[in-house]
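In: Let's see this in three dimensions:
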Amino acid sequence: MVEAVLESLHEWATDRGLDLGPDSNLPQRDGTRPDYDWSVGALLRAG
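Out: This is a model prediction of the structure:
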């Protein structure tokens with residue numbers, strides 16, 4: 001059953017051109033502090 005689910009997910013990703021691998025879920029940030037003022041302002045402007 002688990003194998004069928006994994007195969008289904010693999011087919012779904014392949015059909016959409018996604019190249020998923022062991023590093024796909026690693027954070028892409030550089031470690032600097034997020035700009036919370038900018039983030040909240042953008043959310044408020046988006047409405």
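
In: Report the separation between the residue positioned nearest the centre of the chain and residue 41.
Out: By Cα atoms, centre = their mean, the mean C-alpha position of the chain lies nearest to residue 25, the distance being 6.7 Å. As judged by Cβ to Cβ, to the nearest Å, residue 25 and residue 41 stand 28 Å apart. C-beta: built from backbone N, CA, C; applies to glycine.

In: The longest helix along the chain - what's its average pLDDT?
Out: When the chain is scanned for its longest helix (criterion: DSSP state H), the result is helix 2-15. Averaged across helix 2-15, the pLDDT comes to 93.

In: what's the offset of that helix from the middle of its chain?
Out: Remark: helix 2-15 is offset 17 Å from the chain centroid, using Cα atoms, centre = their mean, to the nearest Å.

In: Pull out the buried positions in the helix or strand following that helix.
Out: Per DSSP states H and E, the first helix or strand lying C-terminal to helix 2-15 is helix 36-46. Buried residues in helix 36-46, defined by neighbour count with 16 or more other Cβ atoms under 10 Å: none.

In: Any chance you could list what contacts helix 36-46?
Out: The contact list for helix 36-46, computed with Cβ atoms under 8 Å, 6 or more residues apart in numbering, is empty.

In: Any idea how many residues pack against residue 3?
Out: The burial count assigned to residue 3 is 7, neighbours taken as other Cβ atoms under 10 Å.

In: gap between it and residue 9?
Out: 11 Å.

In: Could you do residue 2 as well?
Out: 11 Å.

In: just to revisit the earlier point, outside of the longest helix of the chain itself, list whatever touches it.
Out: For helix 2-15, contacts defined as Cβ under 8 Å, 6+ apart pick out residue 20.

In: And stretch 13-23, how far out from the chain middle?
Out: 11 Å.

In: Return it as CSV; C-alpha atoms alone will do.
Out: This file holds the C-alpha atoms of stretch 13-23, laid out as CSV (Å, rounded to 0.1, in the frame of the first residue of the first chain):
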residue,chain,number,x,y,z
ALA,A,13,5.6,15.0,-9.6
THR,A,14,7.1,13.7,-12.9
ASP,A,15,3.9,14.7,-14.8
ARG,A,16,4.5,18.3,-13.5
GLY,A,17,8.2,18.4,-14.3
LEU,A,18,9.2,18.5,-10.7
ASP,A,19,12.7,17.2,-9.9
LEU,A,20,12.3,16.1,-6.3
GLY,A,21,15.1,14.5,-4.4
PRO,A,22,16.6,14.2,-0.9
ASP,A,23,17.6,17.9,-0.8
